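K.L.:
I would like the atomic coordinates for the input below:
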Amino acid sequence: MSTVLTIAGKEVRDGMRNRWVLATTLLMAALALGLAFLGTAPTGSNIAASRLAVTVVSLASLTIFLVPLIALLLSFDALVGEVERGTMLLLLSYPVARWEVVAGKFLGHTALIAIATVVGYGVAAVAVAYAAPGTGTGDWQAMGALIASSVLLGAVFLSIGYLLSSLVRERATAAGLAIAVWLVFVLLYDLGLLGYLAATEGKGLSAEAFGWLLLLNPADAFRLFNLTGVEEVRQFAGMAGVSRQAAVGPVALMGALLAWILVPLVLAQLVFHRRQL
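P.N.:
Numbers count the residues shown, from 1 in each chain. So this is what the prediction gives:
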């Protein structure tokens, strides 16, 4: 375990040294603050939703596009890049198991995403609460759930990126596959699902099948968890009907995200263990 933590610490230090964490944190904070104060302008005394609840809705949509992209950029060459540069052979010449390399790198990259997310979104949450006193406990719960699930979503796409990095022989191939994965899960999957529902006038899928299809996309599981998990957010987001139609609860949604982390990461471990360097 100490070897895993040592490798993870090295990844964190590298992220700090090359200003990656600083740049990502500033980007997330700037976008979150912009959405918090520009995206909540219509709220007022005649609207029940608090400013922080509106911010959670806006950040949930931003996170689906931003965090998976950041995670894939971090992980697509985590293994194949070191193999190409020859540093992986040097690392494995020490008494280090291959699973420790994968686990350590994954843990370090997850920590980098967690730092950027907690600081970036946390700054926006504190600023909104300061500008709009009276924020309720439910609103803070929704924001805490958003930050925690955003880190999990980042870990999902880190895991997928590691699997891609273990399968290919060149960084360019891994980069192309990472872009394709991002497009499929963030854009094309939902477009295809909506197109099918429109073509069948909503009669082509049962509620149970619809829920399972949403669980097959980690971005959809993240979206449903954050927009339906807390009453204040669910009513404002207009997701109550979708939540009933999908017939999946927060536990199932979190379980889907955890499965999306574990399965690709285990596959990456198995593939990398058998790989000839």
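K.L.:
Helix, strand, or coil at G161?
P.N.:
helix (DSSP: H, G, I helix; E, B strand; the rest coil).
K.L.:
ok, the residue lying closest to it once chain neighbours are set aside - contacts?
P.N.:
With sequence-adjacent residues excluded and distances taken as CB to CB, 6 or more residues apart in numbering, G161 is closest to S75, at 2.9 Å. C-betas here are computed from N, CA, C, even on glycine. Residues in contact with S75 (CB atoms under 8 Å, 6 or more residues apart in numbering) are F106, H109, F157, L158, S159, I160, G161, Y162, L164, S165, A178.
K.L.:
Apply 6 Å and report the result again.
P.N.:
L158, G161, Y162 (CB atoms under 6 Å, 6 or more residues apart in numbering).
K.L.:
Tell me the predicted confidence for the first one.
P.N.:
If you check L158, the pLDDT there is 96.
K.L.:
pretty sure it contacts G108?
P.N.:
No: look at L158 against G108 with CB atoms under 6 Å: they stay out of range, at 10.0 Å.
K.L.:
which of those two has more neighbours?
P.N.:
L158 (29 against 23; other CB atoms under 10 Å).
K.L.:
Let's verify that one: helix, strand, or coil?
P.N.:
L158 ends up helix, using three-state DSSP.
K.L.:
ok, now how distant is the nearest residue to R51 once chain neighbours are set aside from G122?
P.N.:
Spatial nearest neighbour of R51, chain neighbours left out: A132 (4.2 Å); criterion: CB to CB, 6+ apart. Look at A132 and G122: by CB to CB, to the nearest Å, they are 16 Å apart.
K.L.:
repeat for D77
P.N.:
Counting by CB to CB, the gap from D77 to G122 is 29 Å.
K.L.:
So for the two, which residue has more residues nearby?
P.N.:
D77 (22 against 16).
K.L.:
For M88, see how far away that one is.
P.N.:
11 Å.
K.L.:
ok, L265 - contacts?
P.N.:
S159.
K.L.:
what helix or strand is it on?
P.N.:
Using DSSP states H and E, L265 maps to helix 250-274.
K.L.:
one step back: pick the one among the contacts of S75 closest to S93.
P.N.:
Compare each of these with S93 using CB to CB and the shortest gap goes to Y162, at 21.6 Å.
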